[in-house]
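J.: below are the sequence and a predicted model for it; my questions follow.
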Amino acid sequence: MGKYYRLLKFIFLQTIFFVCWPSNTLGHRHKHVNGDGVQPLTQINILDTKFAVHDKAFVHVSTIRLPSKGDEDSKLFGTTKSIIQDIEDDDNVRPVTVTLMSDNPSSDDWVGVFSPAKFNASTDCKEVGNDRVEDPTICTAPIKYKYANYSNTNYLNSGKAELKFELINQRADFSFALFSGGLSNPKLVAVSDPISVFPNPKAPLYPRIAMGETWDVMTVTWTSGYNIGEAVPFVEWGALDGATTQSPAGTFTYTRNQMCAPPARTVGWRDPGFIHTSYLKELWPNTMYSYRLGHKLPDGSYVWSKKYKFKSPPVPGESSLQRVVIFGDMGKGERDGSNEYADYQPGALNTTDQLVKDIDNIDAVFLIGDLPYANGYISQWDQFTAQVEPIASVKPFMVASGNHERDAPDSGSFYIYNDSGGECGVPAETTFYVPAKNRAKFWYSADYGMFHFCIADTEHDWRAGSEQYKFLEECLASANRHKQPWLIFAGHRPLGYSSNKWFGMEGSFDEPMGRDDLQKLWQKYKVDLAFWGHVHNYERTCPVYQNQCVKEGSSHFSGVVNGTIHVVAGGGGSHLNEFSPIKTTWSIYRDQDFGFVKLTAYNYSSLKFEYKKSNDGKVYDSFTISRDYKDVLACVHDSCEPYTLAG
């Protein structure tokens, strides 16, 4: 280890570093608006790290060797048979044990996980600032961290600790570093040797399927370490027990200079690998297919993923049992307890687990903005795609753009804040497919049987006369309500109704300028439900138009569609927001908890709505809608077609 320390110190002292972005913009607190929480990695003032290696301090890492089939002696691997089975079930997760020793332990000592293992390369600091005096020691944020005394109550007395981490395949090796001085004044004390824990770091991983521009196309997107010149990507697929075919895939990536601001351009940057998308075309409706990801190498050999299954969508307008889940603001959790600071997204794993538990009773998922809250720390996109892989690999996983994906100063966003941490939408639109004509403009339509979805991009202008407004009207007008009676509008920021605390303080109870123009469209085209995220709680309104409830009741609605029910479903996992103390007349049910909504369409005239909590999967709010086609055609206020009495 001494040789490695001397080499590391030599690199630190000899490398000519670029002067980096001012530390006061990257240190303690990233600017957030509307009560948003703090991304844990922003707490680490990594640019001001001091080099203070202790000769008597060390960090060692041990991994668990995967057992071969028939290997019964699990104790040889320092684990239990149940954990070994988990590893076999998910070959892209590896538990590691970090053993550390410090000769001067403190309660704010912490261990950072770095990948790639060499975290001091000068190329990781490119932005120029005017107020830095010294060159930074480290220019790369860790991908996760833990305090040394986490689960080690005797650390302050003994200086010894053992930490458990889970690593996912992120196309590179790993190292673990011990820091003193807390997150705000870090001092590098010791660093482990690099470790590589995955047989093929470049392997194709984390597939996410999505509906294409037509009902008979499913897209498959995944991540790998193979550029197009290294291997040819494709999907091998076919109906169960039938012949298979191979569909080619495109290869995409993005670079640091495509990021719009720090930290995405500086300490948060990490190579995202290569992202591939393939189009599986001419699907038969309601048919089970299997698929696997493939890369053909220059020598003619193949690299394969494991096999997955999905069910193709029904023909638009088909009457059958159809179940859709909708929610926003999911976030990312760490099952090993990492990044425990501030409990940033405490409901993310519960939501994930409840959806996985009920996956056989779900046909499609819509996550309407604020996906991982990476906020410029690009490593978190891998972490998120790994988290949702059990859902997104088997069900269409449709996403919308939120402020934490898109907003950055001078980037064309409708808002000036840097909520995306400088990502300005690039990682989101590359990592996930949506059937938008221009994926930088994240608005699109989607059909699933009796449902017609119009998905807005609330980070771009939606007002009358804008490009998006014209699209949204076309989308709503295109719904054939005879065969697609359930018309759904969705977007991230509440452009409709929300009793959230900060909206209440503003007196608007919606995003400023939100429903001024859009409510004319919702009423004209008789939108059944409008879904929103951004506010981290749950709320349901009555059928409402111009601040007035236009139907009585709360558990069942029937007859003509003379108002839209607005639902805030932003409790997908990120820290919760408070409600306004003002009791709005149109609010029927409010809940400050984590959860999601499930819609079940039985036929052309029967729809069930359920709000489920993420901690137990039970239903806490529900209602039903029943009506005939003539009720959709009926003339109500501001929705009447012109007519004449001429015979």
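T.: Cool, got the structure. Numbering: from 1, shown residues only.
J.: from Phe471, how far out is Arg627?
T.: With the distance defined as CB to CB, to the nearest Å, Arg627 ends up 27 Å from Phe471. For every residue, glycine as well, the C-beta is placed using N, CA and C.
J.: in terms of pLDDT, where does the nearest residue to Trp532 once chain neighbours are set aside sit?
T.: Using CB to CB, 6 or more residues apart in numbering and skipping the chain neighbours, the partner closest in space to Trp532 is Pro494 (4.0 Å). The model reports Pro494 with a pLDDT of 98.
J.: for Pro494, give me its contacts.
T.: For Pro494, the contacting residues are Asn500, Phe503, Asp510, Glu511, Gly514, Trp532, His534, Val535, His566, Val568, by CB atoms under 8 Å, 6 or more residues apart in numbering.
J.: one more time with 10 Å, if that's ok
T.: Pro494 sits next to 328, 458, 500, 503, 508-511, 514-515, 530-535, 539, 566-568, 570 when contact means CB atoms under 10 Å, 6 or more residues apart in numbering.
J.: repeat that for Trp215.
T.: Trp215 neighbours (CB under 10 Å, 6+ apart): 283, 285, 312-318, 446-449.
J.: for Phe557, which non-adjacent residue is spatially closest?
T.: Closest residue in space to Phe557, ignoring its immediate chain neighbours: Ile625 at 5.0 Å, by CB to CB, 6+ apart.
J.: circling back to that earlier point, may I have the secondary structure class of the residue nearest to Trp532?
T.: Here Pro494 is coil, with the state taken from DSSP: H, G, I helix; E, B strand; the rest coil.
J.: again, but for Leu47
T.: Leu47 - assigned by three-state DSSP - is helix.
J.: the domain parsing of this structure - what is it?
T.: 58-64+90-191, 317-633 (the TED database).
J.: which residues of the chain fall in helices?
T.: 2-14, 81-89, 155-158, 348-357, 379-392, 403-406, 426-431, 467-477, 501-506, 515-524, 629-633 (DSSP state H).
J.: show me what the fourth one is packed up against.
T.: Just to be clear, that refers to helix 348-357. If you count contacts as 3 or more CB pairs under 10 Å, 6 or more residues apart in numbering; DSSP states H and E, helix 348-357 packs onto strand 322-327, helix 379-392, strand 595-603, strand 606-613.
J.: hang on, the earlier thing: most packed of the domains of the chain?
T.: Burial of the domains of the chain is given as mean neighbour count (mean count of other CB atoms under 10 Å); domain 317-633 ranks first at a mean of 21.
J.: so how far is it from its chain's centroid?
T.: Counting by CA atoms, centre = their mean, to the nearest Å, domain 317-633 is centred 14 Å from the centre of its parent chain.
J.: what's the end-to-end length of that domain?
T.: 17 Å (CA to CA, to the nearest Å).
J.: and for stretch 538-553?
T.: Chord length of stretch 538-553, first to last residue, is 19 Å (CA to CA).
J.: so how far is Ser115 from Val189?
T.: 20 Å.
J.: just to revisit the earlier point, closest one to Leu240 among the domains of the chain?
T.: Nearest of those to Leu240, taken as CB to CB: domain 317-633 at 13.3 Å.
J.: rewinding a little: mind picking the two most distant members of the contacts of Trp215?
T.: Leu283 and Gly317, at 16.3 Å, using CB to CB across the contacts of Trp215.
J.: measure stretch 488-506 end to end?
T.: End-to-end for stretch 488-506, by CA to CA: 27 Å.
J.: what do you get for stretch 572-588?
T.: 20 Å.
J.: with stretch 620-634 instead?
T.: Terminal-residue distance, stretch 620-634 (CA to CA): 32 Å.
J.: and if you look at stretch 582-597?
T.: Across stretch 582-597, first to last residue, CA to CA, it's 25 Å.
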